[in-house]
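Engineer: Fold the stuff below for me.
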Amino acid sequence: MKITKTNALRILDAQNISYEVRTYPDDGPINGTAVAAYLGEDPAQVYKTLVTTGASKQHYVFCIPVEAHLDLKKAAKAVNEKNIEMLPQKELLPLTGYVHGGCSPVGMKKPFPTVIQEDCILYEDLYVSAGKIGMQMHIQTDDLIRAVGMSIRDVIEQ
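Structural biologist: Model prediction:
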């Protein structure tokens, strides 16, 4: 099967960062836990990308394990905001260039401050969206952090 290059993959190629594309069926409702199961991977290594808006109206991106929930108080503290809220789904595509379920931390329309859950350091490699529903990229954790310029913080509910 020929893989269509997404913006995320083109950016990684330009930075000479290696990755492996893994696909899954995109013909119905799917969540991160189901994607991890389909790929046969530990859900703790499969990360979802969440976009938020701070009290300052600045946008922030958080990458957290698919089974975790973003702690909005911890997230706000991590980016020095009074508070943050999830971006309404209808605003995701115009802001990032990605659709819900296919949002990659790599290659958004413009760079946003991005935080990855600190548990990522426990793993040599992770899975994140490759920028399209039905596509994940398997990438070295350090390469992902460097490619996006992520900061590492504890931002999930315990």
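Engineer: Pick out the residue nearest the middle of this structure.
Structural biologist: residue 49 (2.8 Å; Cα atoms, centre = their mean).
Engineer: Provide a list of residues in contact with it.
Structural biologist: 61, 62, 63, 103, 104, 105, 128, 129 (Cβ atoms under 8 Å, 6 or more residues apart in numbering). Any C-beta I mention is one placed from the backbone N, CA and C, and that applies to glycine too.
Engineer: Going by distance to residue 139, which of those residues wins?
Structural biologist: Set against residue 139, the nearest of the contacts of residue 49 by Cβ to Cβ is residue 128 (6.9 Å).
Engineer: So what pairs up with that closest one in the strands?
Structural biologist: residue 137 (DSSP bridges).
Engineer: Show the contacting residues for it.
Structural biologist: Residue 128 neighbours (Cβ under 8 Å, 6+ apart): 46, 47, 48, 49, 63, 104, 105, 106, 136, 137, 139, 144.
Engineer: Mind telling me what element the residue nearest to the centre of the chain is part of?
Structural biologist: strand 47-54 (DSSP states H and E).
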